[in-house]
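A.B. asks: please find the sequence and the predicted model below.
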Amino acid sequence: MPHIKNILFVLLAVAFLAGCNKAKNDSTAENKSPDTKAVGEVVKINLPTMQCATCKKTIETAMKKVDGVNSINVSVKDKIATIDYDKNKTNQDKIENEITLIGYDANGKKKNEAAYEKLEDCCKIGGH
């Protein structure tokens, strides 16, 4: 019986120490300087060449791969993407460029023609 008590004591001590270490790490994470915190920015991108739900999926998939993009909401009806991003990692110009590289106009920037030609027919103007 004393052997079981020793094992139980050691397990409790390890659990206690692990919990204390976790609490220390959590408080350290909260005390980061303001320069390292994510700074969110929201931008609306006009997508005049977007045509359908396939376009929406293509744009959302591409934007999720962009470092710094936190979320995206694309409205096919309004032809607008609302994008929340970390301005410490990316900016509106880079986001617009990424959209043009997959074949869509973004605000005033023109689509990459080679990428546009590779889109599904339904995603091309007049392709429905």
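C.D. replies: Yes, it's here.
A.B. asks: in the protein, which spans are strands?
C.D. replies: Assigned by DSSP state E, the strands in the chain fall at 40-46, 69-75, 80-86.
A.B. asks: would you map out the domains in the chain?
C.D. replies: 2-31, 38-123 (automatic domain parsing).
A.B. asks: looking at the ones you listed, which is buried most?
C.D. replies: Comparing the domains of the chain by mean neighbour count (mean count of other CB atoms under 10 Å), domain 38-123 comes out on top with a mean of 16. Quick note: C-beta positions are derived from backbone N, CA and C, even for glycine.
A.B. asks: now do the same contact list for I99.
C.D. replies: I45, L47, I59, A62, M63, A81, D105, A106, K109 (CB atoms under 8 Å, 6 or more residues apart in numbering).
A.B. asks: just the closest of those residues to D121, please.
C.D. replies: Using CB to CB, I59 comes nearest to D121 of the contacts of I99, at 17.0 Å.
A.B. asks: enumerate every residue touching the closest one.
C.D. replies: Taking CB under 8 Å, 6+ apart, we find I59 in contact with L47, M50, I72, V74, A81, I99, I102, Y104.
A.B. asks: also Y85?
C.D. replies: Listed by CB under 8 Å, 6+ apart, the contact set of Y85 reads G40, E41, V42, V43, V66, G68, V69, N70, N91, I95.
A.B. asks: what are the bridge partners for the closest residue to the first one other than its chain neighbours, then?
C.D. replies: What it means is G40. For G40, ignoring the flanking residues on the chain, the nearest one in space by CB to CB, 6 or more residues apart in numbering is D84 at 5.8 Å. Beta bridges link D84 to V42, S71, judged by DSSP bridges.
A.B. asks: quick one: low-confidence ranges for this protein?
C.D. replies: 1-38, 128 (pLDDT under 70).
A.B. asks: quick check: the gap between the residue nearest to K94 when sequence neighbours are not counted and L119.
C.D. replies: Ranked by CB to CB, 6+ apart and with sequence neighbours excluded, the top spatial neighbour of K94 is V66, at 7.3 Å. Separation of V66 from L119 (CB to CB, to the nearest Å): 19 Å.
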